[in-house]
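S.K.: Quick one, structure for this:
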Amino acid sequence: MTLGLRRIETTFILLAMLATAIAGGLTLGAGASAGSFAASALALAGLAWIVSFATEQLGEQFGPEVTGLLQSTLGNLPEFFVVIFALREGQVLVATTSIVGSIFANALLVLGMAIVVGAWKSPDGVMRFGARLPSDTATLLLLAVFLIVSLGVASSSHDAAADHDRAISVIGAIALLAVYALWVRSYLGGAGKADPGHKEAPRLSGLVSAGLLALSGLGAAFVSEWFVEGIEPAIKAFGISEAFAGLVVVAIAGNAIENAAGVILAAKGQSDLAMSVVKNSVSQIAVFLFPVLVLSSQWFDTPLGFGMAPVYAASLALTAVIVWQVTGDGEAAVWEGAALIAFYIILAAIAFYE
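M.R.: Predicted coordinates:
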């Protein structure tokens, strides 16, 4: 199949390339600044649209399970590089809050927006999707939360285990990765072949779509570094805290791909693919990306661990329960999506005033 891009799609791709070039020019030419930070955020959003478009094309050929897993894997590349670059710069709080913020952003904000849009488009005001993935995501998220909360309780109670936070984090990371590998094998083993909500034939070949995904992920890696370099100037210019920058600003921008893809797919009636993109991202961040970052950062002077402030550990535990409550039955109404967004707004307010 040859390239079948519409004019508006070509325009968006060119604008994304232009935004990336501007972000690189500002950072490499004049140094990191609030301006380069904003330009990098726009570039990430542009790359997000390219990935969402390529994901939609792949979804027609491989089904929602495989496509969602692939898209969330590539979509989380920017977050991986954002955290690694932040740790390299010694911004431990930003690194920790951004990875945790990514879970909150996807599980509450993005999922809530996708449900609101998807349910609004539905004739009866209810968005329907397969119930297995939401249940699986809740189990995987609870597994990660168990480790995080246990370390948080040990630290706050001055338990002897708190003195071995680094070793426990490494052991826990390996355990989480093992469970995730087993889940992926089981999940893909029952993958379907198509999303019934998508009736338009793909206009790009699988090879071209995969190439767009790969190039967008690579571009996002470079933009992420420029983005991190601009965090400190942006914090000073906008008067925000490091916690808010990591938990909200960096988390949303670093997950711009899922932010765009999940909502766009839901708006087009592709409920299973939209849910696959968002839910796979939540699972991957909690039991794949987070553990990989913990293990990868052991060579830094300040490695990443699963221990964190009690307010965020408790919020993660409640998030796992809330997400299961809303999506566990395979359907959700507009008000339930709005409730998820409200939870995120409350959490952002707490981070803002820290």
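
S.K.: Skip the chain neighbours and tell me the closest residue to Ile350.
M.R.: Sequence neighbours aside, Val311 is the residue nearest to Ile350 in space, at 6.6 Å (criterion: CB to CB, 6 or more residues apart in numbering). Every residue, glycine included, has its C-beta placed from N, CA and C.

S.K.: Could you verify my assumption that that neighbour touches Ala349?
M.R.: No: counting by CB atoms under 8 Å, Val311 does not reach Ala349; the two are 12.0 Å apart.

S.K.: So which of the two has more stuff around it?
M.R.: Val311 (14 against 11; other CB atoms under 10 Å).

S.K.: packing partners for the helix or strand harbouring that one?
M.R.: Per DSSP states H and E: Val311 is located in helix 310-327. Contacts defined by 3 or more CB pairs under 8 Å, 6 or more residues apart in numbering; DSSP states H and E place helix 310-327 against helix 92-104, helix 111-121, helix 132-156, helix 271-284, helix 334-352.

S.K.: Pull the residues that contact the first one.
M.R.: With CB atoms under 8 Å, 6 or more residues apart in numbering as the contact definition, helix 92-104 has outside contacts at 76, 79, 82-83, 86-87, 141, 231, 242-243, 245-248, 250-252, 254-255, 282, 285-286, 289-290, 293, 302, 304, 308, 312, 315-316, 319, 344, 347, 351.

S.K.: Which among the residues you listed count as buried?
M.R.: Buried members of the contacts of helix 92-104, counted by 16 or more other CB atoms under 10 Å: 76, 79, 82-83, 86-87, 141, 231, 242-243, 245-248, 250-252, 254-255, 282, 285-286, 289-290, 293, 304, 308, 312, 315-316, 319, 344, 347, 351.

S.K.: related to what we said a few turns ago, so how far is the helix holding Val311 off the chain centroid?
M.R.: 16 Å (CA atoms, centre = their mean, to the nearest Å).

S.K.: Kindly report the same for stretch 223-241.
M.R.: Centre-to-centre, stretch 223-241 and its host chain are 19 Å apart (CA atoms, centre = their mean).

S.K.: Can you list the buried residues in that stretch?
M.R.: So stretch 223-241, judged by 16+ other CB under 10 Å, has buried residues 223-235, 240-241.

S.K.: show me what contacts Phe227?
M.R.: Contacts of Phe227 (CB under 8 Å, 6+ apart): 23, 37, 40-41, 44, 82, 250, 253-254.
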